[in-house]
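>>> Here you go, sequence then predicted model.
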Amino acid sequence: MAKASGPEGMDYLERLPRRVVTLYLPLAIFVFVLLFPFYWMTTTTFKPDEELYDYARFNPFWVVRPTLTHIYKLLFETSYPQWLFNTMLVAVASTALSLFSSVCAAYAIERLRFAGSRYIGLAIFLAYLVPPSILFIPLAAIIFQLGLYDSDWALILTYPTFLIPFCTWLLMGYFRTIPYELEECALIDGASRLQVLRWITLPLALPGLISAGIFAFTLSWNEFIYALTFISSSENKTVAVGAITELVEGDVYHWGSLMAAALLGSLPVVVLYSFFVEYYVSSLTGAVKE
Amino acid sequence: MVADAQPIARPIPAWRRLIGRLADDRNVLGFVFMLPAAAILLLFLAYPLGLGFWLGLTDTPIGAPGHFVGLDNFISLAQDSVFWLAVFNTTFYTVVASFLKFFLGLYLALLLNRRLPFKSLLRAIVLLPFVVPTVLSAIAFWWIYDPQFSIVSWALIKFGLLHSYIDFLGDPWHARWAVIAANVWRGIPFVAITLLAGLQTISPSLYEAATLDGASSWQRFYYITLPVLSPIIAVVMTFSVLLTFTDFQLIYAITRGGPINATHLMATLSFERAITGGHLGEGAAIADAMVPFLLAAILFSYFGLQRRRWQQGSRD
């Protein structure tokens, strides 16, 4: 009976064969389908070319003689390391910029409650819903006018357009959960607003900051359309853009190197994600629930 | 707590006292705090949004000023069969992919909500497709859909279900379904994990009580799960529809709009006309044509949120 009071409800009533058919089997199919492209990406990366294009002699699901030639080619014969560096730089800089702006904005909207803060909050939410696909053409014109075309700054300054609304919205929700009395006590003790933010609110909102930071970093790592539009020279490209525009030579696809590029480009976000799964999930669900 | 009394003991210059007073005024401080975010959002979000509408009314080429041409762009688009094909493709893509994402995502969320070993590990694995950069996983799909070396075709032939390789990306309808499959693959985790968060808020005692009253599993789903979940479903699906409708990366990576424009979405078509073709004005007009739909989705989301507030109020 003790088990029955657990959060899992009434599953204890079910017998094993029924659970296999209604739960484990469908779940296994889901997991298989969701993971298969990654498996395929990985095996292709480590397959030598003769295995890659010969399904008659080699079973395509296995790697008989793993090789690092594709990765070697990618790292030493293309600008891939440079793209990785660019992506990292842009992602870190735009995340830092967005986090700073969002903390200030969220604190102002949620706690200072200046005149009109409610409408600003609503405007931030609406800004969250503007998709990059309708902004990139006019933005390209602006970037061109500002002389930022084909530079890292073009991306560092435009990524916050989708990061700030997201982070602000998330942090507003977090600040709301911190008891206002704590801040009042500090104010009565003579702390200034800035001190309150620095020493009271921010430490308490740290989980929210991490969530917002992780999510913003992943979003900017994954961004594609701005990077494709605003960057033209090979050495300034990001991983996603470089992989799709530079690694394909005419009609010859070097699938091994392409898959290696996809695998290596995904690794940083996947590693980061694996360390902070809980934060990531909470920011994903928090953004929807707030 | 941490602030000590020392600064007060020292004499304070007048200008610092003024700053101190301004810093305690909520409107002044609020304005200063809003500055960084507001500057970026006004310059790179609000201004381009307005500029986009203006560009749609001009014949601006890349790198040169254009002239006001009124509604010419829209009139020529209305007679453009490729544009209408893109509208059809976008609608088809959005409707089919969103339905599939919703039902499969809800099903996966219901599965993950049951008693399971390694639950949090499973949840982490399931979310992977959403975390990995879309373009990079799209390249993997491109390889999976290869006409000669498709692993899907190979496996189906091995099982005896098929006799020849499928030309996934060469045939218009095959290509449409192929990109929908890739989009659904990427979208399921988002729907499933957010709905799972909603499911976890439902108390199991509700289900126990309903079972004792003789409710079937379908009735428990329809009368308990669905009503509690519906506000979250509204928001999640608004986002999902919005992202699918304005999708760009997946199409660009897998088909670039081909074969013969069969998978061109409005976003990819506007990119092709504006950036590849150099007609910023025409591309902007296509992007503008997406806005009415966007507004509809935002209104939908707004009423979804309203309903949630009302529900919360009545629960208290």
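Great, that's in hand. None of these values were measured; they are calculated from a predicted model. Numbering: from 1, shown residues only, chains lettered A, B, ... in the order given.

>>> And for the residue nearest to A:Tyr159 when sequence neighbours are not counted, the neighbour number?
Leaving aside its sequence neighbours, A:Tyr159 sits nearest to A:Ser94 (Cβ to Cβ, 6 or more residues apart in numbering or on different chains; 3.7 Å). Every C-beta, even on glycine, is put in place using the N, C-alpha and C of the backbone. Residues within reach of A:Ser94, counting by other Cβ atoms under 10 Å in any protein chain shown, total 27.

>>> Could you list every helix and strand that the helix or strand hosting A:Ser94 packs against?
Using DSSP states H and E, A:Ser94 falls within helix A:80-107. In this structure, helix A:80-107 makes packing contacts with helix A:152-158, helix A:160-177, helix A:206-222, helix A:239-246, helix A:255-275, helix B:26-41, judged by 3 or more Cβ pairs under 8 Å, 6 or more residues apart in numbering or on different chains; DSSP states H and E.

>>> Export those as a markdown table, with columns for mean neighbour count, mean pLDDT and distance to B:Gly281.
As requested, the helices and strands packed on helix A:80-107 are arranged in a markdown table below (neighbours: other Cβ atoms under 10 Å in any protein chain shown; pLDDT from 0 to 100; distance: least, Cβ to Cβ, whole Å):
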| stretch | mean neighbour count | mean pLDDT | distance to B:Gly281 |
| --- | --- | --- | --- |
| helix A:152-158 | 22 | 91 | 21 |
| helix A:160-177 | 23 | 89 | 22 |
| helix A:206-222 | 22 | 90 | 29 |
| helix A:239-246 | 23 | 86 | 25 |
| helix A:255-275 | 21 | 88 | 34 |
| helix B:26-41 | 19 | 86 | 25 |
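
>>> Of those helices, which is nearest B:Leu128?
helix A:255-275 (7.0 Å; Cβ to Cβ).

>>> any bit of that closest one sitting next to chain B?
Yes - using Cβ under 8 Å from any Cβ of the partner chain, helix A:255-275 comes into contact with chain B via A:255, A:258-259, A:261-262, A:265-266, A:269-270, A:273-274.

>>> Turn these into TSV, columns for distance to A:Pro207.
Shown next, in TSV, are the residues of helix A:255-275 next to chain B (distance: Cβ to Cβ, whole Å):
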residue	distance to A:Pro207
A:Trp255	42
A:Leu258	38
A:Met259	36
A:Ala261	34
A:Ala262	32
A:Gly265	28
A:Ser266	26
A:Val269	20
A:Val270	21
A:Tyr273	16
A:Ser274	18
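
>>> pLDDT weak spots in the chain?
Assuming you mean chain A. Where chain A drops to pLDDT under 70, the residues are A:1-12, A:249-252, A:286-290.

>>> wrong chain, I was asking about chain B
Checking chain B against pLDDT under 70 turns up B:1-11, B:23-24, B:298, B:300-302, B:304-316.

>>> and stretch B:62-81, how far from the chain's centre?
28 Å (Cα atoms, centre = their mean, to the nearest Å).

>>> A:Trp83: what's its closest spatial neighbour, skipping adjacent residues?
Using Cβ to Cβ, 6+ apart, the closest residue to A:Trp83 is A:Gly242 (4.1 Å).
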